[in-house]
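Undergrad: Predicted model and sequence below, questions to follow.
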Amino acid sequence: MHRFFVDAALTAGKPVALSPQESAHALRVLRLREGAQIQVLNGRELWQATLAVSGPEAAAVPVAPCPSPESATQVTLWQGTPKGDKLETVVQKGTELGMWALWPVDMARSVARGERRQDRLCRAALEAAKQSGRAHVPEVAPLRGFAQALADASGFDLIVTLWEEERAQSLSQAVGAYLAAHGRPKRVLLVVGPEGGIAPEEWEALRGAGAVSASLGMRILRTETAGLCALSVLWAALGEM
């Protein structure tokens, strides 16, 4: 099923125009015709729809909402800035795995620093959301420093730092302990360090903010792998995988 993004509210029977880019993709790339069955998402909902064509432009006519593919738990991934194009991989695969938002964060051991191509990363999130049948398009936040990210972390129910020095508690154990004590969390922050790892002083600051540390096992994962693995473990611990 082909999916398209629209920046509009969705109501049964009320046509919504596709953007010129989405119209071109539907009509010239995919060669869809009037009445084709499609799906549309607007960042909040996913709907079954039919395609309407008027000259070079296309519109979607919503038919009925689809069951929500979104989890009741919103998971934000704090990603220490990696080198090269690794961040784009994290955006794409994290979106497929149900990530709610991504925070790129410059940390003490970040090798690569500086502003990333925000438009490119947001586009990667949108395309991955369409491909994977998401209703929500994850927000890719602007690059921030460690201190700012720490200040912004105050609103989460559970903060878990994936730390290679942790030996006593796995991520699944950390999530299980939270579930036993508090029930299902509404907002979770997973903290992943850059290639150089999380500095001890950063872990102390995170712990002071209420974070717990957890291990992803005995093997050392690449930074672009760790967050994706953590998302999978978290969903399994919550019974969604």
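TA: Okay, I see it. Predicted model only: the values in this text are computed from it and were never measured. Residues are numbered from 1 along each chain as shown.
Undergrad: Quick check on residue 10: phi, psi?
TA: Main-chain torsions, residue 10, degrees, to the nearest 10: phi -110, psi 130.
Undergrad: Hmm, residue 16 and it touching each other?
TA: Yes - because the distance of 6.8 Å satisfies CB atoms under 8 Å, residue 10 is recorded as touching residue 16. For the C-beta atoms, the positions are set from N, CA and C on the backbone; glycine is no exception.
Undergrad: any common contacting residues for these two?
TA: Counting by CB atoms under 8 Å, 6 or more residues apart in numbering, the common neighbours of residue 10 and residue 16 are 40, 62.
Undergrad: same question for the helix or strand where residue 131 lies, mean pLDDT?
TA: Per DSSP states H and E, residue 131 falls inside helix 118-132. In this model, helix 118-132 has an average pLDDT of 92.
Undergrad: So which other helices or strands are in contact with it?
TA: Identification of packing neighbours for helix 118-132 by 3 or more CB pairs under 8 Å, 6 or more residues apart in numbering; DSSP states H and E yields strand 3-5, helix 86-96, strand 139-140.
Undergrad: 10 Å instead?
TA: strand 3-5, strand 37-41, helix 86-96, strand 101-106, strand 139-140 (3 or more CB pairs under 10 Å, 6 or more residues apart in numbering; DSSP states H and E).
Undergrad: Of all these, which one is nearest residue 66?
TA: strand 37-41 (6.7 Å; CB to CB).
Undergrad: now the helix holding residue 131: how far from the chain's centre is it?
TA: Centroid separation for helix 118-132 versus its chain: 10 Å, with CA atoms, centre = their mean, to the nearest Å.
Undergrad: Give me the residue ranges of the chain where confidence is low.
TA: 112-116 (pLDDT under 70).
Undergrad: tell me the SS of the most centrally placed residue in it?
TA: The centroid of the chain falls nearest to residue 99 when counting by CA atoms, centre = their mean (2.8 Å). Using DSSP: H, G, I helix; E, B strand; the rest coil, the structure places residue 99 in coil.
Undergrad: wouldn't it be in contact with residue 190 here?
TA: Yes - the pair residue 99 / residue 190 is scored as a contact, 8.8 Å apart, by CB atoms under 10 Å.
Undergrad: what do those two both touch?
TA: Common contact partners of residue 99 and residue 190 (CB atoms under 10 Å, 6 or more residues apart in numbering): 75, 76, 77, 79, 227, 231.
Undergrad: So for stretch 166-175, first residue to last residue, what's the gap.
TA: The first and last residues of stretch 166-175 sit 15 Å apart, counting by CA to CA, to the nearest Å.
Undergrad: can you map out the helices along the protein?
TA: Here the chain has its helices, by DSSP state H, at 20-24, 86-96, 118-132, 146-152, 171-182, 200-208, 223-237.
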